[in-house]
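1. Give me the fold of what follows.
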Amino acid sequence: MSAAVKIPTAGWYVLGNARLHQSLTPGLDGPFDRDGFVLVDVAVAEGRIKGIAPRGERPKPPRTVDLAGRIVLPCFVDCHTHLDKGHIWPRMPNPDGSFMGALEAAGSDRLVHWNATDVARRMDFSLRTAYAHGTKAIRTHLDSIAPQEEISWPVFEQMRENWSGRIELQAASLIGIEGVREEKWFGKLARRVAAAKGVLGAVTYMVPDLDALLDRVFGTAVELGLDLDFHADETDDLAAVSLRHIAEAVLRHKFEGKILVGHCCALSRQPDREVKDTLDKVAEAGLSVVSLPMCNLYLQDRRQDGTTPRWRGVTLLHEMKARGIPVAVASDNTRDPFYAYGDLDMLEVYRMATRILHFDHPVADWPRAVAATPADMMGLDGVGKMMVGGPADLVIFRGRNWTELLSRPEADRIVVRDGRAIDRRLPDYEELDDLMGGTNGHRGAEA
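-> Have a look, this model is predicted:
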């Protein structure tokens with residue numbers, strides 16, 4: 001398609017016979033097909049969408065780029081990533097694919113290698129990759145265990161400035177909830193997060209003083225005007241119910257900020273009565289939830305006895321969505337001990353989520369889970385949707401329906417930003433070889 005479809009480099013134009021999805025195009029009239037698509041013409045001028053009109057039997061408009069029914073989606077929003085960990089696999093692989101193996105490997109690598117130059121180069125590599133795939137906004141978690149917070153937060157601030165206008169970049173602190181016990185240090189970290197206009201975050205475990213620690217987190221967030229982002233229950237342990245405790249803390253504090261909770265894997269293993277109680281509280285508290293299907297499929301239920309895993313590791317998105325809880329899916333880790341693969345390609349995430357979580361039969365408005373819904377979670381107005389007056393930030397695919405779109409990598413997609421096609425060349429892994437000790441992964445594989 002890249003050779004046949006040429007996006008003008010100047011002036012206005014019309015994307016004719018474009019196939020848009022109703023869930024990502026507010027106010028668009030049908031007729032929609034059974035999967036929610038409609039053929040339209042999209043007028044683009046001065047970097048913005050000037051009009052969207054159903055194709056019907058109208059004559060072809062002037063300056064039309066005929067897409068012949070190809071799918072066009074708004075640029076993606078990736079609301080849960082770990083850019084500071086990205087691409088360390090060649091020098092620090094997970095020894096056995098387990099969650100504990102990932103924690104220990106990542107922690108060891110951080111202690112030895114994560115200076116400002118190392119973190120900045122890997123983050124920039126990841127951002128160039130995501131941008132080329134069509135992502136417009138990213139939230140990354142930043143390991144903020146002392147002294148790493150003094151290194152990574154300044155790097156993030158510089159990256160955000162460098163990428164302004166291309167990727168809307170947010171960051172959330174990442175510490176184990178037990179770190180909140182160090183009241184003085186935690187207060188200092190929270191103020192650092194606030195100074196960077198970041199999000200306050202933690203990983204929750206079923207520690208005996210969990211509620212007291214959550215009270216301190218919520219109290220600090222209220223004091224500093226911060227939103228919250230938690231990792232919760234990333235385990236198959238039936239006793240892991242910290243998601244419920246987070247919801248109860250919201251209600252206890254009458255917290256009004258945005259809260260995003262990631263993973264929540266254990267929920268899918270628990271008895272129905274407990275699930276209902278938890279989800280009712282999550283809905284009442286107004287929490288949003290993001291599932292990380294690729295990373296959780298990789299780590300969860302990995303058996304060291306060589307037997308086959310028995311569950312998918314994802315949370316109950318369908319049940320959440322039925323209660324009105326906003327839900328999304330995201331990339332999570334990329335080529336690090338928590339997930340050995342991935343490329344920050346949200347089409348891949350959606351493709352995998354469709355297969356793992358059954359985002360089909362019907363498709364309904366599940367496409368919002370990689371665009372409009374995470375944009376709302378991140379407080380980004382007008383992002384993740386296509387609408388008249390909005391920016392012409394979109395991705396043109398070869399596929400003309402879901403089965404075509406989700407069956408191939410769509411490596412020749414066209415990414416349009418401010419109405420113009422971008423250079424989609426991906427950065428070469430060789431760029432990072434010197435950070436990996438000059439190897440392409442053989443040393444790490446043998447270690």
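2. now the strands for the stretch 101-250 of the chain?
-> 135-143, 168-174, 200-204, 228-232 (DSSP state E, counting those that start in this stretch).
3. got the ones you listed as a markdown table, with mean neighbour count, distance to Met377 and mean pLDDT columns?
-> All C-beta atoms are positioned from the backbone trio N, CA, C, and that covers glycine. Shown next, in a markdown table, are the strands of the stretch 101-250 of the chain (neighbours: other C-beta atoms under 10 Å; distance: least, C-beta to C-beta, whole Å; pLDDT from 0 to 100):
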| stretch | mean neighbour count | distance to Met377 | mean pLDDT |
| --- | --- | --- | --- |
| strand 135-143 | 25 | 8 | 98 |
| strand 168-174 | 24 | 10 | 98 |
| strand 200-204 | 24 | 13 | 98 |
| strand 228-232 | 25 | 9 | 98 |
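4. looking at the ones you listed, which is closest to Lys385?
-> strand 135-143 (11.0 Å; C-beta to C-beta).
5. Check which helices and strands the closest one is in contact with.
-> strand 76-81, helix 116-133, helix 149-162, strand 168-174, strand 228-232 (3 or more C-beta pairs under 8 Å, 6 or more residues apart in numbering; DSSP states H and E).
6. Which strands border it, and is each parallel or antiparallel?
-> strand 76-81 (parallel), strand 168-174 (parallel) (DSSP bridges).
7. which residue ranges form the helices in the stretch 251-400 of the chain?
-> 272-285, 293-299, 317-322, 346-357, 372-377 (DSSP state H, counting those that start in this stretch).
8. Can you pull out the low-pLDDT segments for the chain?
-> Scanning the chain for pLDDT under 70 picks out the ranges 1-3, 438-447.
9. can I see the domain layout of it?
-> 13-74+385-421, 76-377 (automatic domain parsing).
10. Most tightly packed of the ones you listed?
-> Mean neighbour count, computed with mean count of other C-beta atoms under 10 Å, is highest for domain 76-377 among those, reaching a mean of 20.
11. From start to finish, how long is it in a straight line?
-> 13 Å (C-alpha to C-alpha, to the nearest Å).
12. Ok, stretch 65-74 next?
-> For stretch 65-74, by C-alpha to C-alpha, the gap between its terminal residues amounts to 18 Å.
13. how near is Lys200 to Arg192?
-> Heads up, residue 200 is Leu, not Lys. 10 Å (C-beta to C-beta, to the nearest Å).
14. can you redo the strands paired with strand 135-143 as JSON lines with distance to Ala330?
-> Output for the strands paired with strand 135-143, formatted as JSON lines (distance: least, C-beta to C-beta, whole Å):
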{"stretch": "strand 76-81", "distance to Ala330": "4"}
{"stretch": "strand 168-174", "distance to Ala330": "12"}
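15. and of the helices and strands packed on strand 135-143, who's closest to Ala372?
-> Nearest to Ala372 among those is strand 76-81 (7.8 Å), distances taken as C-beta to C-beta.
16. Name the surrounding residues that touch that closest one.
-> By C-beta atoms under 8 Å, 6 or more residues apart in numbering, the surrounding residues in contact with strand 76-81 are 126, 130, 133-141, 260, 262, 290, 292, 328, 330-334, 344, 346-347, 349, 370-372, 374-375, 377-378, 380, 383-384, 395.
17. swap the cut-off to 6 Å and go again
-> The contact list for strand 76-81 (C-beta atoms under 6 Å, 6 or more residues apart in numbering) reads 134-135, 137-140, 262, 290, 328, 330-332, 346, 370-371, 374-375, 377-378, 384.
18. Now do that strand and helix 116-133, the angle between them.
-> 150 degrees (axes from the mean of the first three to the mean of the last three C-alpha atoms, to 10 degrees).
19. thinking in terms of the whole chain, how far from its middle is strand 76-81?
-> Distance of strand 76-81 from its chain centroid, counting by C-alpha atoms, centre = their mean, to the nearest Å, is 2 Å.
20. got the angle for that strand vs strand 228-232?
-> Using the same axes, to 10 degrees: strand 76-81 against strand 228-232 is 70 degrees.
21. for stretch 251-267, how far is the first residue from the last?
-> With C-alpha to C-alpha as the measure, stretch 251-267 spans 20 Å from end to end.
22. starting at the chain centroid, how far to that stretch?
-> Worked out by C-alpha atoms, centre = their mean, stretch 251-267 lies 17 Å from the chain centre.
23. contacts for that stretch?
-> In contact with stretch 251-267 (C-beta under 6 Å, 6+ apart) are residues 80, 218, 227-235, 237, 240, 243, 285, 287-290, 296, 300, 313, 315-316, 377.
24. repeat for stretch 357-373
-> Applying C-beta under 6 Å, 6+ apart, the contact partners of stretch 357-373 are 21, 23-24, 35-36, 74, 76-77, 314, 317, 326, 328-329, 346, 350, 353-354, 384-385.
25. Could you export it as CSV, keeping only the C-alpha atoms?
-> Provided in CSV are the C-alpha atoms of stretch 357-373 (Å, rounded to 0.1, in the frame of the first residue of the first chain):
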residue,chain,number,x,y,z
LEU,A,357,-9.4,-11.6,25.9
HIS,A,358,-11.9,-12.2,23.1
PHE,A,359,-12.4,-8.6,21.9
ASP,A,360,-14.8,-10.0,19.2
HIS,A,361,-18.2,-11.5,18.8
PRO,A,362,-19.1,-8.7,19.0
VAL,A,363,-16.3,-6.2,18.4
ALA,A,364,-18.6,-3.5,19.9
ASP,A,365,-16.5,-0.6,21.2
TRP,A,366,-13.4,-2.6,22.2
PRO,A,367,-11.2,-0.5,19.8
ARG,A,368,-11.5,2.3,22.4
ALA,A,369,-9.3,0.2,24.7
VAL,A,370,-6.1,1.2,22.8
ALA,A,371,-7.1,4.8,22.0
ALA,A,372,-10.0,6.9,23.4
THR,A,373,-10.3,5.1,26.8
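26. Off-centre distance for it?
-> On C-alpha atoms, centre = their mean, the centre of stretch 357-373 falls 14 Å from the chain's centre.
27. ok so, going back, for the strands of the stretch 101-250 of the chain, give me TSV that also has distance to Asp41.
-> As requested, the strands of the stretch 101-250 of the chain are exported to TSV (distance: least, C-beta to C-beta, whole Å):
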stretch	distance to Asp41
strand 135-143	23
strand 168-174	28
strand 200-204	43
strand 228-232	40
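28. Looking at those strands, which is nearest to Arg425?
-> strand 135-143 (15.5 Å).
29. chain center to that closest one, what's the gap?
-> Using C-alpha atoms, centre = their mean, the offset of strand 135-143 from its chain centre is 7 Å.
30. hang on, the earlier thing: need the helices and strands packed on strand 135-143 in CSV with distance to Ala421, can you?
-> What follows is the helices and strands packed on strand 135-143, written out as CSV (distance: least, C-beta to C-beta, whole Å):
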stretch, distance to Ala421
strand 76-81, 16
helix 116-133, 12
helix 149-162, 22
strand 168-174, 20
strand 228-232, 33
